[in-house]
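In: kindly generate the corresponding structure for this input.
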Amino acid sequence: MKRAALIATVVGVVTTAVGAQGERAFDVISVKPNSSGSLQRNFNDAEGGHFAAVNVALGDLIRVAHEVRPAGQAYSDLMNAGVPWLYSDHFDIKATTGTQPTRAQLLAMIRAMLTDRFHLRVHTVAHEEPVFELRRLREGSTPGPGLTPTSVVCDGPTAQCAISNVPGKIAATSVPIDTLAHMLSGWLDGHYEIRDRTGLNGRFAVDLNWTPNQTAVQRPDGVSARPIDPDGAPLVTAIRDQLGLQLVRTTLSVPILVVDSADKPSPD
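Out: Numbering: from 1, shown residues only. Alright, predicted model coming up:
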């Protein structure tokens, strides 16, 4: 078995004993190597019980299944240690289940698949790391026009539920604030974790637009890859003006996901 040192910050709750008794699993799974060299990658949400991941690496699958992101620049040189194919080898995966899974069920099923087919083993450790907190502009202030309370409940793809998370735009029909915080973290310089400290409960429709490719904000350690506008980078300004929220730097203890071992799967 290859030993991995992929280290990432856990955003959601991670169950390391994936595939445990009682956990739902796919009925049929096909895993095949993809050597196309294409830069296009695709995941779906198992609509109708059919999950597909095209041209994805094991590292991508781990981040989706465990809802994690890189744990900061200090660990960048450890990302591929011991598993040189973690991001270089890509796979096409098709899996089916009898009924439409919820998002939580789908992630559990992908984790079980990674254990079964890739022999993936992970554990978590605690680590002090700079993070951002998402807060209201002032205590008790109302959200901005791009953040609207909604009674619509979205737990899986439907005709009325959609999420877009692309450079320059985040749009969602109905998400809790912690989900919005997770999406925002992917656009920060360094991909630092964002924790919800808004006190806003329930679900919200989101419409956030900013200038892509200029989204760096000053990292919690004071380092920035690019100069910062005195009023904040475009993303930070958009969060303030459109959502009525702000990002505040702090340091917290965060759980770190460590990949202990993984094997290349046999194609079928």
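
In: state the distance from the residue most central in space within the chain to residue 61.
Out: Centroid-nearest residue in the chain, with C-alpha atoms, centre = their mean: residue 67, separated by 4.6 Å. Going from residue 67 to residue 61 by C-beta to C-beta, to the nearest Å gives 12 Å. Glycine gets a C-beta too; all of them are placed from N, C-alpha and C.

In: same thing with residue 40?
Out: 16 Å.

In: what is the longest strand of the chain by residue count?
Out: strand 245-262 (DSSP state E).

In: which strands or helices does it pack on?
Out: Strand 245-262 is packed against strand 2-3, strand 7-10, helix 58-66, strand 121-136, helix 234-243, with contacts defined by 3 or more C-beta pairs under 8 Å, 6 or more residues apart in numbering; DSSP states H and E.

In: chain center to the longest one, what's the gap?
Out: Translated: strand 121-136. Strand 121-136 sits 13 Å away from the centroid of its parent chain (C-alpha atoms, centre = their mean, to the nearest Å).

In: pull out the buried positions in it.
Out: Counting neighbours by 16 or more other C-beta atoms under 10 Å, one finds that the buried residues in strand 121-136 are 121-122, 124, 127, 129-136.

In: now those in CSV, with pLDDT?
Out: Shown next, in CSV, are the buried residues of strand 121-136 (pLDDT from 0 to 100):
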residue, pLDDT
121, 86
122, 82
124, 79
127, 77
129, 78
130, 84
131, 86
132, 92
133, 94
134, 96
135, 96
136, 97
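
In: for those residues, which one is nearest residue 206?
Out: residue 134 (12.4 Å; C-beta to C-beta).

In: in this structure that closest one contacts residue 194, no?
Out: Yes. Look at residue 134 against residue 194 with C-beta atoms under 8 Å: they come within range, at 5.3 Å.

In: between the two, which contacts overlap?
Out: Residues within reach of residue 134 and of residue 194 at once, by C-beta atoms under 8 Å, 6 or more residues apart in numbering, are 181, 184, 247.
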